[in-house]
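Engineer: have a look at this prediction, sequence included:
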Protein chains: 6
Amino acid sequence: MSLPDSPIVPTIPLYAEGKNHGYLRLPYSRNDSAWGSVMIPITVIRNGSGPTALLTGGNHGDEYEGPIALQALTHDLEPAEVTGRIIIVPFMNHPAFLAGTRVSPLDGGNLNRLFPGRPDGTVTQKIADYFIRTLVPMADIVLDFHSGGKTLEFVPFAAAHVLDDAEHQGRCIAAMEAFNAPYSMTLREIDPVGMFDTSVEALGKTFVSTEIYGGGTASARSARIARKGTVNVLKHAGILAGEPDCAPSTAIDTTPAGCYHFAEMTGMMEPLVDLGETVAEGDALMRIWLTTNTGDPPLTVRSKRDGILAGRHFPGLVKLGDCLAVVASPIED
Amino acid sequence: MSLPDSPIVPTIPLYAEGKNHGYLRLPYSRNDSAWGSVMIPITVIRNGSGPTALLTGGNHGDEYEGPIALQALTHDLEPAEVTGRIIIVPFMNHPAFLAGTRVSPLDGGNLNRLFPGRPDGTVTQKIADYFIRTLVPMADIVLDFHSGGKTLEFVPFAAAHVLDDAEHQGRCIAAMEAFNAPYSMTLREIDPVGMFDTSVEALGKTFVSTEIYGGGTASARSARIARKGTVNVLKHAGILAGEPDCAPSTAIDTTPAGCYHFAEMTGMMEPLVDLGETVAEGDALMRIWLTTNTGDPPLTVRSKRDGILAGRHFPGLVKLGDCLAVVASPIED
Amino acid sequence: MSLPDSPIVPTIPLYAEGKNHGYLRLPYSRNDSAWGSVMIPITVIRNGSGPTALLTGGNHGDEYEGPIALQALTHDLEPAEVTGRIIIVPFMNHPAFLAGTRVSPLDGGNLNRLFPGRPDGTVTQKIADYFIRTLVPMADIVLDFHSGGKTLEFVPFAAAHVLDDAEHQGRCIAAMEAFNAPYSMTLREIDPVGMFDTSVEALGKTFVSTEIYGGGTASARSARIARKGTVNVLKHAGILAGEPDCAPSTAIDTTPAGCYHFAEMTGMMEPLVDLGETVAEGDALMRIWLTTNTGDPPLTVRSKRDGILAGRHFPGLVKLGDCLAVVASPIED
Amino acid sequence: MSLPDSPIVPTIPLYAEGKNHGYLRLPYSRNDSAWGSVMIPITVIRNGSGPTALLTGGNHGDEYEGPIALQALTHDLEPAEVTGRIIIVPFMNHPAFLAGTRVSPLDGGNLNRLFPGRPDGTVTQKIADYFIRTLVPMADIVLDFHSGGKTLEFVPFAAAHVLDDAEHQGRCIAAMEAFNAPYSMTLREIDPVGMFDTSVEALGKTFVSTEIYGGGTASARSARIARKGTVNVLKHAGILAGEPDCAPSTAIDTTPAGCYHFAEMTGMMEPLVDLGETVAEGDALMRIWLTTNTGDPPLTVRSKRDGILAGRHFPGLVKLGDCLAVVASPIED
Amino acid sequence: MSLPDSPIVPTIPLYAEGKNHGYLRLPYSRNDSAWGSVMIPITVIRNGSGPTALLTGGNHGDEYEGPIALQALTHDLEPAEVTGRIIIVPFMNHPAFLAGTRVSPLDGGNLNRLFPGRPDGTVTQKIADYFIRTLVPMADIVLDFHSGGKTLEFVPFAAAHVLDDAEHQGRCIAAMEAFNAPYSMTLREIDPVGMFDTSVEALGKTFVSTEIYGGGTASARSARIARKGTVNVLKHAGILAGEPDCAPSTAIDTTPAGCYHFAEMTGMMEPLVDLGETVAEGDALMRIWLTTNTGDPPLTVRSKRDGILAGRHFPGLVKLGDCLAVVASPIED
Amino acid sequence: MSLPDSPIVPTIPLYAEGKNHGYLRLPYSRNDSAWGSVMIPITVIRNGSGPTALLTGGNHGDEYEGPIALQALTHDLEPAEVTGRIIIVPFMNHPAFLAGTRVSPLDGGNLNRLFPGRPDGTVTQKIADYFIRTLVPMADIVLDFHSGGKTLEFVPFAAAHVLDDAEHQGRCIAAMEAFNAPYSMTLREIDPVGMFDTSVEALGKTFVSTEIYGGGTASARSARIARKGTVNVLKHAGILAGEPDCAPSTAIDTTPAGCYHFAEMTGMMEPLVDLGETVAEGDALMRIWLTTNTGDPPLTVRSKRDGILAGRHFPGLVKLGDCLAVVASPIED
């Protein structure tokens, strides 16, 4: 059975020369606006023929490096600098982004678990569907920004996936390397169902994603990584002129057993190791203290493997079941 | 008119020898517990005669360095190590702390603006009153921990106030120096109404407070600063044996005109300077970008003075009126 | 696969002679009533043989003209005045109606986008299913009342659809003309998926719907239009005696391109044209002013076509993406 | 005991020549911004010496005619057109205005019942205090806009109060007549406690207020009344050149016994009389129908006096205790 | 300073002969009704001269025995049966009663901690003030019903206070004995501030209150106790004819030290003793089990004294600080 | 199409000898924990070979007898007492249990209407799926505890279903009799869709369920029934040594027409019959009184059949459509 058309309509042409700013308009009937809409900002910059890059941020609504780099690009970049086309959506899950939350306040949708979406589903499913059936097919290369969000924090890395097709994988790794984050990761996704990555790769597109710190904030340092990576990828794709500006990057891996550490107690965390520091198996990573009384001993969380602390729980309070720490393996060349 | 007695009753004796863990029980009738109570954990460690220190964290409920250092102390410290008495309340505004919020979820109370409190007021006012009329009078020295909380972040400093009485001020500055945070601040509070500081100082007590990073998290580094400062202050007071362990500390000042920068626009921040970095008057501190459309220029926020970036807005989104940046003056000796 | 039976059970017989008042009882287990029910009021008036009319209001829960006319009918009308049967459900989406909201507070369901429903779906889907599989099949003619609700306002009109079957369309248009609202509209629905209209028409029934002002209120004038139209339709159907009382009605059309105007800015609206007034292409329809600062110029919204203002956004505040204005074409005979 | 200073600071000078747009900044610490602020937009237009007018809208946050007329004025009016000074605050209770609610979402404050306010009270009390102690003393004449808001609707009128001082009352009535709404009212407030009116009049200022329709919307007609009245009052005050543009206005009175009709039942209203229509004592004003079952007779609400319908309940649903209707007496000359 | 008049106005005369049903109307402006009211139902039954009884239920909104007995009385009792006057308010804190909650949903007010109230305070304070300044002064005897509410459960008892004036105390005890609940209690209130009891007794009135089971429900047994007690008290007062119908009643006392047992742990309770059962000091009253993991030992709560279990925590879950058990002393004659 | 694997992973081995306490970890990404988990406590006790019993409580989150008996068992029982294996999950719908609500606060899921669940559905559907595809297949006998929850109350009974297979039914009835609650019920479920019972029985397992009072609490008496029944069933299964301890039990039936009584009015209930009492057809079961005014007659609810009151509505307030009473038929041998 063929899918119905997407209800989303762009307010600007997606193929026109020059720079156009507009919206992806998604009708959304609700108590406070019977004939209201979700309006996702979009910019398309085109200059002649050449490849198309789709640049996306705000897949999760509480991650800021991608939105900063991409929103800046919509303002800063002139068509004359471009060869081909750049489609920029700085805030994919715009309702979540405006709310400052990971998932959509409209339907609870975690966009990055709802691909390829549905044109007749919830608001978030409709957004996913529009990207997969309309925008991604127009692109040669897709760069999707992530950070840790309000509840996680990572060392800054770009990532590419291990893919069945070697040529395809090679393209993705080359783009990831062009991004040139301080850390780089090539991984096989353990649970790929519903991810943007999977759906984009299924269409054969070159795909790069990132994690760049987190905690629901951005810093001057983290914003610079995102801005530089964006320009590097566009240069790599031949859409901007010049060569990517590359510094050394540390290769890491988070797929071995024992990388992830989950909380078996609710309380307050006392970190004992900071991001990027080296740990050995058995080292204490953090203590968890009770918050309802004084005097009890803490639960000490110990590393299940050697490596570096590549990710961590961010909020000071910990809930039973939270991911506390990701200990990654550095990869030797 | 004399004030009524506090409704708060401790479940442990406050003068007994040894180490006792218990609660400050505050009756709190509500829909889900007609005869319920707010229970604030407290530990008292006493060994013979000597000075009394009151150590407090969780004055704001989303700040973690103080609670970590103090909760650890309730577990780690043995009476034999103590000369005198230590009263430890790691989570003063316990309802706020459990909720992970600056103010109390029970009455919206910002504890640090409600001193000296009222025994017949709201829950938060009752807590304030109990400290001022019962616990503070028992103490010779009071150490109250703050960090930036979920929405601010500071370079780590200890602070003492400029006071009318030179001897009193001298005691406070000496204790602040003993804490030995990386930065130190001696200030005259511009708007002291309702602060714990003011009420404690009005009773002639030696008082030290802190700001140690923020963002609603803690790191290994920030927790170590709090732990070391606590022990240093107790050594300085003669309650623990030995000398404070002191390294160089940078003196800063945030009282001159132009230190504070407020947002005149709602949007997303792009920081251009990180905490501790030096700026000159007119330097761009951050850009604020719109989040409802693409392509518009940002508002650039520029420093109103020379100095170092001592504090900053933390969340990625900025609201009209938020404090964005605090530019402090380094103080020459 | 055949659908399961509806869980809805009427508490009154649907075929009995006389006038019976009762409920459509829909079991609804929830935290505040483990074995609770949604209870949708219904009245059936029957007198001998003759056609059956199904009269419905409250399809959206914040529209009042239909509920007023139909609730009055359940009280005022005596079986002796009737030939055949009238099934009256003044508040179809009863949970939404009691809440005064467009969609159901129980499941967020917009009833008029959930037809033909599901017997094993959400509460709102179960209601839709019961109408389509139980009540509509009993009817010869269906009159479903709408108004603009809390967020829209329309000139008062009755509507019939352009249908593939000419005889069917003719019956619907005749009934719409019998209703005799001040305005009349014959339209092809652009997005008919999920509408009651579509499902009723698919069963070959004569169907009339309306829009009669809005704003979440009713006036003496609007209530009179609904009351007169109801009686007129019943007379037209031969269920009540006599001829419809008809005055001139203006035919309008809202299907041409450019009828709908959406907001590309959030702010406060200043209407420049009122409902029913004539506009030319390029005329200013409203201004939108910022609400976060003073002194900025407004965005002026201009009509994309000639026509009359047939519908408008109601609340004083406008959100990005809201439908602001519907400019209809008057139809010449 | 003297009051403390207001914590509110304007970001623009209040006496400077020319046109300045800025904010009244009120520090407001909260969970989502520890050092946040409420920012109330303000414009001051000054040209040489002459009287000062203070123009205010948004005293209640769901009333739009005043904000429209005043926000337009901040943009449209040039200093050269002015003799003296105009202080314009289109959204007094800005938090309520942004929320589209009568009272403040921050503290539940109904601003117009909290004058003269407190500098150390809630956010809304602080706003009230700043007006009474800072802005009103600068003014010779104050025009404060009201409409019915989301839950009431009135015939459009300007109002002045019966005052003890004849000269003062004369000034106010003259200004009210200059406003020239379709209806005019001179009244003695029955319950004046906490109103802006009372506090302004206590300072001897000329004061005019209004009610201009309502329902939480504005129309082209209602906006025109507010715009014309504003200009008329400024001309009357000698701040703008020229004579007020005046048409006949109907004098009405709502102070006699029996004007107000309250609901003794919860249900759905069926209005039988529209605003401005004439009624006699005993006439049916509306019916109230049950919404939980069908078939019951309505409660008919009858007028307690002769007059015209000057005000009415707006939402389609009625709650026990709501004011349903205001029947005013036309006043003969 | 004299207090302002109460804003509350009764819709019926309070002195008229016969039986009148109406409301205490309290103006309450809010977002969903600018000129709305709180409407507290009241019935006054009068027949000639004689004493006045004020009968109140719903002081806490989740207690049902009083409202049942009193609402039944408003329907069942005829003026001819009465000598004097009965003022019946079955639902004092009507907003709380409609919500099914202990405290008011409008302002969080726990009515029985807000006496004597304020005419210019919150809604709940205004209700308190009206009773103390208007209704109580009209009464010779006041009967105020309580049960345990949703979170507590008690053996059924009537209570009178130890008072300074022996004659006054004697009148209260006689009325309490006339009520003739299965248990009886004469007590000195430990924390009387804000209670209705205290304010009524301060006016010299005969006062009886009750606790009759709880848990947010009523049973046939508990409703019969309340109905019988009401009639007994009215007979005792000479307002109804005949003698109180009295059975043996057990005298108990809950004022000695050690009666109250509070939770020092959050979890799930396993009761080991039921209401009315006898316990010895040291007996296990209940176990508290963790709910976040399996396998841990429970905390066993032991009785601090000999007695009978007179009250208990009701919900299955227990929060830190909840009152778990009240062990009362039976009193020997 | 084969189902995907469950995302749930146990943190302990399910087949190991001895006693292991751990969690069923279900990844659950959300705003307050991007990589968070739902953690359902589980204990497995194994000693050699023998049958496996699966014991479950907290299927509905506001029912306490099962959780008490099963949580106690995880602590009290030693492997040496066991022959075979016992899998204990005291809080199946753990999110609901922690919230004290019937349905899950995460997705509104009523677990006992969502079997057999989905591995790619909502949180509650994933839990259901894990039980049906992983835990139930390991079991020979399943005991699932229910009580009335916060809104219903039942006489205490164990229940078995009428099944198509006589041997299977015989096993279930024997286990139900071994449980030996004061009442026993053998029934054919009228609406079995989605129930745990149905899915477990479809796998051929011996299945027993219960209802043991309710109201959102537990008593010493009700907890003893659950504890004794649990041990009895384990003895019956041969997993614990010894014979079940059995007293007489009354057989009842709630499947005949007329057992269930629903509310056709909203108000306050006055029960006239208590649980376990005998009623005749036409007897008054309860009165429902209005709560919005005084003086009106109540609606009297009468029994539609002879029997005993086996279940009842618990909260003092009644809503239109609530189940008020279940009148069961005692069964003669």
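Structural biologist: Structure's in. What do you need? Numbering: from 1, shown residues only, chains lettered A, B, ... in the order given.

Engineer: what separation do you get for residue A:10 and residue A:3?
Structural biologist: Residue A:10 sits at a distance of 18 Å from residue A:3 (criterion: C-beta to C-beta, to the nearest Å). C-betas here are computed from N, CA, C, even on glycine.

Engineer: can you report phi and psi for residue A:111?
Structural biologist: Here is the backbone geometry of residue A:111 (degrees, to the nearest 10): phi -50, psi -40.

Engineer: check the one 4 residues further on too.
Structural biologist: Here is the backbone geometry of residue A:115 (degrees, to the nearest 10): phi -80, psi 150.

Engineer: what is the burial count for it?
Structural biologist: Using other C-beta atoms under 10 Å in any protein chain shown, residue A:115 is surrounded by 24 other residues.

Engineer: is it true that it touches residue A:192?
Structural biologist: No: Residue A:115 is beyond contact range of residue A:192, at 9.9 Å (criterion: C-beta atoms under 8 Å).

Engineer: what touches both of the two?
Structural biologist: Residues touching both residue A:115 and residue A:192 by C-beta atoms under 8 Å, 6 or more residues apart in numbering or on different chains: residue A:198.

Engineer: re earlier: neighbour count for residue A:10 and residue A:3, which is higher?
Structural biologist: More neighbours surround residue A:10 than the other of residue A:10 and residue A:3, with 17 against 12 (other C-beta under 10 Å).

Engineer: and the residue lying closest to that one once chain neighbours are set aside, how many neighbours?
Structural biologist: In this structure, residue A:10 finds its nearest non-sequential neighbour in residue A:24, 5.4 Å apart by C-beta to C-beta, 6 or more residues apart in numbering or on different chains. For residue A:24, the count of nearby residues is 26 (other C-beta under 10 Å).

Engineer: in the strand or helix carrying residue A:24, what counts as buried?
Structural biologist: Element membership of residue A:24 [criterion: DSSP states H and E] is strand A:18-27. Neighbour-count burial for strand A:18-27 flags A:19-27 (criterion: 16 or more other C-beta atoms under 10 Å in any protein chain shown).

Engineer: chain F: which of these is nearest?
Structural biologist: Of all the buried residues of strand A:18-27, residue A:26 has the smallest distance to chain F: 21.5 Å, by C-beta to the nearest C-beta.

Engineer: so what's the closest one up against?
Structural biologist: Residue A:26 touches A:7-8, A:37-40, A:123, A:126-127, A:130, counting by C-beta under 8 Å, 6+ apart.

Engineer: nearest residue to it other than its sequence neighbours?
Structural biologist: Leaving aside its sequence neighbours, residue A:26 sits nearest to residue A:38 (C-beta to C-beta, 6+ apart; 4.3 Å).

Engineer: that neighbour looks like it's in a helix, true?
Structural biologist: No: Residue A:38 is assigned strand when assessed by DSSP: H, G, I helix; E, B strand; the rest coil, not a helix.

Engineer: tally of neighbours for it?
Structural biologist: Applying other C-beta under 10 Å, we find 23 residues neighbouring residue A:38.

Engineer: hmm, back to that, note down every partner strand of the strand holding residue A:24 and its orientation.
Structural biologist: strand A:9-10 (antiparallel), strand A:37-47 (antiparallel) (DSSP bridges).

Engineer: helix or strand right after the last one?
Structural biologist: Downstream of strand A:37-47, the next assigned helix or strand under DSSP H and E is strand A:52-56.

Engineer: circling back to that earlier point, redo the strands paired with strand A:18-27 as JSON lines? Include distance to residue D:81 and mean pLDDT.
Structural biologist: As requested, these are exported to JSON lines (distance: least, C-beta to C-beta, whole Å; pLDDT from 0 to 100):
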{"stretch": "strand A:9-10", "distance to residue D:81": "43", "mean pLDDT": "96"}
{"stretch": "strand A:37-47", "distance to residue D:81": "38", "mean pLDDT": "98"}
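
Engineer: pick the most buried one from these.
Structural biologist: Most buried of those by mean neighbour count (mean count of other C-beta atoms under 10 Å in any protein chain shown) is strand A:37-47; its value is a mean of 24.

Engineer: relative orientation of that one and strand A:52-56 in degrees?
Structural biologist: Relative orientation of strand A:37-47 versus strand A:52-56 (axes from the mean of the first three to the mean of the last three C-alpha atoms, to 10 degrees): 140 degrees.

Engineer: I'd like the strands paired with strand A:18-27 as a markdown table, with distance to residue F:92 appended.
Structural biologist: Below are those laid out as a markdown table (distance: least, C-beta to C-beta, whole Å):
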| stretch | distance to residue F:92 |
| --- | --- |
| strand A:9-10 | 46 |
| strand A:37-47 | 37 |
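
Engineer: and the residue of the stretch 1-150 of chain A found nearest chain C, what are its bridge partners?
Structural biologist: Closest to chain C within the stretch 1-150 of chain A is residue A:37: 3.1 Å, counting by C-beta to the nearest C-beta. Beta bridges link residue A:37 to residue A:27, judged by DSSP bridges.

Engineer: what about the nearest residue to residue A:214 once chain neighbours are set aside, neighbour count?
Structural biologist: Spatial nearest neighbour of residue A:214, chain neighbours left out: residue A:148 (2.0 Å); criterion: C-beta to C-beta, 6+ apart. Counted by other C-beta under 10 Å, the residues lying close to residue A:148 total 25.

Engineer: same check, this time on residue A:16
Structural biologist: Quick note: residue A:16 (other C-beta under 10 Å) scores 11 neighbours.

Engineer: from chain B, how far off is the residue of the stretch 151-300 of chain A found nearest chain D?
Structural biologist: In the stretch 151-300 of chain A, the residue that lies nearest chain D is residue A:216 (11.3 Å; C-beta to the nearest C-beta). According to C-beta to the nearest C-beta, to the nearest Å, residue A:216 and chain B sit 6 Å apart.

Engineer: and that residue, that's in a strand?
Structural biologist: No: Residue A:216 is assigned coil when assessed by three-state DSSP, not a strand.

Engineer: so the nearest residue to it once chain neighbours are set aside, which of the three states?
Structural biologist: Residue nearest to residue A:216 in three dimensions, not counting chain neighbours: residue A:150, with 3.5 Å by C-beta to C-beta, 6+ apart. At residue A:150 the chain is in helix, as set by three-state DSSP.

Engineer: for residue A:324, same thing?
Structural biologist: Three-state assignment for residue A:324 (three-state DSSP): strand.

Engineer: let me know the pLDDT of it.
Structural biologist: We have a pLDDT of 98 for residue A:324.

Engineer: so the residue nearest to the spatial centre of chain A versus residue D:16, what's the distance?
Structural biologist: Taking C-alpha atoms, centre = their mean, the centroid of chain A lies closest to residue A:146, which sits 2.2 Å from it. Noted for residue A:146: a distance of 49 Å to residue D:16, by C-beta to C-beta.

Engineer: swap in residue A:165?
Structural biologist: As judged by C-beta to C-beta, residue A:165 and residue D:16 stand 69 Å apart.

Engineer: how about residue A:59?
Structural biologist: Where residue D:16 is concerned, residue A:59 sits at a distance of 48 Å (C-beta to C-beta).

Engineer: same deal with residue A:222?
Structural biologist: From residue A:222 across to residue D:16, the span is 41 Å (C-beta to C-beta).

Engineer: neighbours of residue A:277, just the number please.
Structural biologist: Other residues near residue A:277 come to 12 when the count uses other C-beta under 10 Å.

Engineer: residues in contact with it?
Structural biologist: A:308-309, B:220.

Engineer: repeat that for 10 Å
Structural biologist: Residues near residue A:277 by C-beta atoms under 10 Å, 6 or more residues apart in numbering or on different chains: A:283, A:285, A:308-309, B:220.
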